[in-house]
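1. give me a 3D structure for the following:
(one chain, ligands or ions: 1)
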Amino acid sequence: MAKLWGGRFDGQNESWIDAFGASISFDQKMAAQDIKGSLAHVSMLAHTGIITAAEADKISAGLNSLQEKLAQGNLEFTIENEDIHMNLETYLAAEVGPVAGKLHTARSRNDQVATDMHLYLKDTVSQLIPKIQHFRDVLVEKASENVHTIMPGYTHMQHAQPLSFAHHLLAYYEMLTRDQTRFIENLQRIDVMPLGSAALAGTTFPIDRFFTAEKLGFSQVYNNSLDAVSDRDFILEFLSNSAILMMHLSRFCEELILWCSHEFQFVELTDSFSTGSSIMPQKKNPDMAELIRGKTGRVYGNLFGLLTVMKGLPLAYNKDFQEDKEGMFDTAETILTSLDIMAGMIDTMKVNKEQMAKATESDFSNATELADYLASHGVPFREAHEIVGKLVLSCLKRGIYLQDVSLSEYQQIQDVIGPDIYEKLSSYNAVKNRHSYGGTGFSQVEKQVKAAQVQLQKEKETQ
Ligand code: ARG
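-> Modelled structure (predicted):
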């Protein structure tokens with residue numbers, strides 16, 4: 001079959017070469033965006049008098065009919081037509097005849113493909129933001145139910161100091177809020193139109209790029225035609241924001257996986273987010289959490305893939321760019337689904353409040369309380385630290401905890417210690433007393449829950 005670019009060629013590619021060069025197997029995901037871009041372009045061509053209104057009407061009717069066929073799943077694409085742009089143009093010619101050939105006036109596939117990707121990511125990020133927001137909603141809701149749920153806080157995976165479970169959940173709320181902000185900023189760079197840059201240098205036709213941009217809903221156009229067709233920063237930014245988002249989800253998943261284990265039993269995921277084993281009848285595996293953790297690898301890979309593709313490319317278009325799409329689609333699909341799964345998993349998970357609190361009772365996570373108690377009674381903190389360290393060592397040898405040490409022993413160690421030490425040592429009070437701004441104290445966490453609710457409400461009202 002003759003290629004749309006075949007004029008200069010005597011010979012033909014063999015089909016396996018065509019297959020290597022083709023992108024249609026994946027770039028058909030941008031078919032709707034490609035048609036939308038063409039519709040805007042054609043109306044600009046008529047608006048500026050580059051083609052007649054009658055020609056534009058014909059082409060637009062053909063494009064609308066393709067849009068309909070696409071929505072009904074009635075367009076089949078072929079490798080011979082290489083990519084989505086040429087597949088659609090070939091279909092358009094079949095719909096409206098030779099006038100279809102006027103559509104590509106003052107346009108190149110270079111600015112066309114870049115425009116499609118801007119439109120695709122605009123759609124994706126617009127779907128993504130409410131999903132992040134929904135997950136933040138779920139986190140805040142769970143947090144509000146767990147302000148007084150005590151859990152061990154860890155550093156180095158060792159019991160460190162007790163925490164409110166709500167505080168732990170709100171830490172993820174904060175991370176997801178930053179993620180959302182990053183994507184909102186990313187949108188500013190996505191919302192710029194390359195179309196009208198043509199191959200690389202602009203065009204001799206009297207086009208009106210601002211007219212096209214308005215039709216397509218872009219708030220800006222690229223200032224430099226060379227930059228417009230060479231730029232993939234907006235995708236890299238998307239991939240990098242996605243990598244950070246997935247890293248957050250993955251860390252949370254790691255914790256969920258631990259918390260579901262027999263050793264922890266802090267939470268239970270519902271059956272709908274778990275799977276069984278084909279051999280061990282007792283198993284209930286947190287597969288979805290493991291998969292999100294695992295898929296983080298491909299999202300990182302997609303970022304590194306594109307960074308590597310880009311690093312040696314001279315301006316402007318190089319066919320290497322065709323490698324920018326699969327990773328972008330894959331990341332988009334992965335993060336959209338991962339967010340749905342995370343929200344569902346956290347929303348429906350059962351929190352074993354007693355088990356969590358119990359884990360703070362037979363440990364030394366109240367050692368800081370004792371040191372702080374001494375320090376607040378005038379003992380320099382470094383000295384207090386030393387005293388408590390020694391006492392922990394002696395308790396370990398005796399197989400007891402700080403709350404089991406008698407008052408007389410305490411008073412022998414330091415006479416400032418009174419009977420009120422025991423209430424200070426309870427993990428509940430250890431949490432309650434941490435009133436410092438941003439700390440885990442109930443009063444602070446309650447404020448954080450409220451602030452998050454207000455923030456989410458405000459975001460929804462301004463959307
Ligand atoms: N399929 C190509 C891509 O994805 C479209 C742009 C082709 N441009 C060109 N000059 N060969 O990059």
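2. which residues of the stretch 201-350 of the chain fall in helices?
-> In the stretch 201-350 of the chain, helices defined by DSSP state H, counting those that start in this stretch lie at 209-216, 225-230, 233-260, 287-310, 325-348, listed in chain order.
3. which positions in the stretch 251-400 of the chain make contact with the ligand?
-> Within reach of the ligand by Cβ under 6 Å from any ligand atom, the stretch 251-400 of the chain has these residues: Y317, K319, F321, Q322. For glycine as for every other residue, the C-beta is placed from the backbone atoms N, C-alpha and C.
4. give me the buried entries from the residues you listed.
-> Applying a neighbour-count criterion of 16 or more other Cβ atoms under 10 Å, the buried members of those are Y317, F321, Q322.
5. make a markdown table out of the helices of the stretch 201-350 of the chain and add mean pLDDT and mean neighbour count.
-> Listed next are the helices of the stretch 201-350 of the chain as a markdown table, based on pLDDT from 0 to 100; neighbours: other Cβ atoms under 10 Å:
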| stretch | mean pLDDT | mean neighbour count |
| --- | --- | --- |
| helix 209-216 | 98 | 19 |
| helix 225-230 | 98 | 21 |
| helix 233-260 | 98 | 21 |
| helix 287-310 | 98 | 18 |
| helix 325-348 | 98 | 20 |
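6. okay, those in TSV with distance to Q28 next?
-> Shown next, in TSV, are these (distance: least, Cβ to Cβ, whole Å):
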stretch	distance to Q28
helix 209-216	20
helix 225-230	21
helix 233-260	18
helix 287-310	19
helix 325-348	10
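7. so which of those is nearest Q411?
-> helix 233-260 (39.7 Å; Cβ to Cβ).
8. circling back to that earlier point, closest one to L393 out of the residues of the stretch 251-400 of the chain next to the ligand, please.
-> L393 lies nearest to F321 out of those, by Cβ to Cβ, at 63.0 Å.
9. hang on, that closest one packs against R109?
-> No. Using Cβ atoms under 8 Å, F321 is not in contact with R109, being 10.4 Å away.
10. what's near enough to touch the residue of the stretch 201-350 of the chain found nearest the ligand?
-> Across the stretch 201-350 of the chain, the shortest distance to the ligand (Cβ to the nearest ligand atom) belongs to Q322, at 3.8 Å. By Cβ atoms under 8 Å, 6 or more residues apart in numbering, the contact set of Q322 is S23, D83.
11. could I get the pLDDT score of it?
-> Note for Q322: predicted pLDDT of 98.
12. swap in D271?
-> Reported pLDDT for D271: 82.
13. for it, which non-adjacent residue is closest in space?
-> Distance criterion Cβ to Cβ, 6 or more residues apart in numbering; nearest residue to D271, sequence neighbours excluded, is K284 at 7.6 Å.
14. can you report how many residues lie near that neighbour?
-> Each residue near K284 was counted by other Cβ atoms under 10 Å, and the total is 13.
15. that one: what's it in contact with?
-> C260, L269, D271, S274, T275, G276.
16. next, it: phi, psi?
-> The phi/psi pair for K284 (degrees, to the nearest 10) reads phi -130, psi 110.
17. likewise for M86?
-> phi -80, psi -30.
18. residue contacts, the closest residue to it other than its chain neighbours?
-> Closest residue to M86 apart from its sequence neighbours, by Cβ to Cβ, 6+ apart: L4 at 5.0 Å. Counting by Cβ under 8 Å, 6+ apart, L4 makes contact with N81, M86, E89, T90.
19. gap between the first one and G11?
-> In this case it means N81. 18 Å (Cβ to Cβ, to the nearest Å).
20. for the two, indicate the residue with more neighbours.
-> N81 (20 against 5).
21. list the residues that contact that one.
-> By Cβ under 8 Å, 6+ apart, N81 lies in contact with M1, L4, I24, N87, T90.
22. 7 Å instead?
-> Going by Cβ atoms under 7 Å, 6 or more residues apart in numbering, N81 touches I24, N87, T90.
23. go through the lowest-mean-pLDDT helix or strand in the chain and flag the buried ones.
-> Among the helices and strands of the chain, helix 15-21 carries the lowest confidence by mean pLDDT, DSSP states H and E, at a mean of 92. Using 16+ other Cβ under 10 Å as the test for burial, helix 15-21 gives D18.
24. can you tell me if it touches the ligand.
-> No. With Cβ under 6 Å from any ligand atom as the criterion, the ligand is not reached by helix 15-21; the gap is at least 8.5 Å.
25. alpha carbons only: can I get that helix in PDB?
-> C-alpha atoms of helix 15-21 as PDB (Å, rounded to 0.1, in the frame of the first residue of the first chain):
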ATOM      1  CA  SER A  15       6.400  -5.700   6.400                       C
ATOM      2  CA  TRP A  16       8.700  -6.600   9.400                       C
ATOM      3  CA  ILE A  17      10.400  -3.200   8.900                       C
ATOM      4  CA  ASP A  18       7.000  -1.500   8.900                       C
ATOM      5  CA  ALA A  19       6.100  -3.400  12.100                       C
ATOM      6  CA  PHE A  20       9.300  -2.100  13.800                       C
ATOM      7  CA  GLY A  21       8.600   1.500  12.800                       C
END
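26. and that helix, what does it pack onto?
-> With contacts taken as 3 or more Cβ pairs under 7 Å, 6 or more residues apart in numbering; DSSP states H and E, helix 15-21 sits against no other helix or strand.
27. the strands in the stretch 1-150 of the chain, which residues?
-> 150-155 (DSSP state E, counting those that start in this stretch).
28. which positions in it make contact with the ligand?
-> Residues of the stretch 1-150 of the chain lying close to the ligand by Cβ under 6 Å from any ligand atom are S23, D27, D83, R109, N110, V113.
29. hmm, 5 Å instead?
-> For the stretch 1-150 of the chain, the residues in contact with the ligand (Cβ under 5 Å from any ligand atom) are S23, D83, R109, V113.
30. quick check: the farthest pair among the residues you listed?
-> Comparing all pairs in those by Cβ to Cβ, the longest separation belongs to S23 and R109, at 10.5 Å.
31. where does pLDDT dip in this structure?
-> 1 (pLDDT under 70).
32. 90 instead, please
-> Applying pLDDT under 90 to the chain flags residues 1-15, 271-285, 462-463.
33. state which helix of it is the longest.
-> Longest helix of the chain, by residue count under DSSP state H: helix 109-145.
34. and the angle for that one with helix 209-216?
-> With axes from the mean of the first three to the mean of the last three Cα atoms, to 10 degrees as the basis, helix 109-145 and helix 209-216 are set at 40 degrees to each other.
35. give the buried residues for helix 109-145.
-> 109-122, 124-125, 128-129, 131-144.
36. swap in stretch 180-195?
-> Going by neighbour count (16+ other Cβ under 10 Å), the buried part of stretch 180-195 is Q180, R182, F183, N186, L187, R189, I190, D191, V192, M193, P194, L195.
37. A helix includes P419, no?
-> No. Going by DSSP: H, G, I helix; E, B strand; the rest coil, the assignment for P419 is coil, not a helix.
38. can you report how many residues lie near it?
-> With other Cβ under 10 Å as criterion, P419 counts 9.
39. please name the residues that touch it.
-> If you count contacts by Cβ under 7 Å, 6+ apart, P419 has them with L407.
40. can you show me the CA trace of stretch 148-164 as PDB?
-> Only the C-alpha atoms of stretch 148-164 are listed here, as PDB (Å, rounded to 0.1, in the frame of the first residue of the first chain):
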ATOM      1  CA  HIS A 148      -7.500   7.600  70.200                       C
ATOM      2  CA  THR A 149      -6.200   4.400  68.700                       C
ATOM      3  CA  ILE A 150      -2.700   3.900  70.000                       C
ATOM      4  CA  MET A 151       0.000   2.100  68.000                       C
ATOM      5  CA  PRO A 152       3.700   1.700  68.200                       C
ATOM      6  CA  GLY A 153       5.700   4.200  66.300                       C
ATOM      7  CA  TYR A 154       8.800   2.800  64.700                       C
ATOM      8  CA  THR A 155      12.200   4.100  63.800                       C
ATOM      9  CA  HIS A 156      14.600   1.500  62.300                       C
ATOM     10  CA  MET A 157      11.600  -0.800  62.500                       C
ATOM     11  CA  GLN A 158      12.100  -0.900  66.300                       C
ATOM     12  CA  HIS A 159       9.500   0.300  68.700                       C
ATOM     13  CA  ALA A 160      10.300   4.000  69.200                       C
ATOM     14  CA  GLN A 161       7.400   6.000  70.700                       C
ATOM     15  CA  PRO A 162       3.700   5.400  70.700                       C
ATOM     16  CA  LEU A 163       1.600   7.200  68.200                       C
ATOM     17  CA  SER A 164      -2.100   7.900  67.500                       C
END
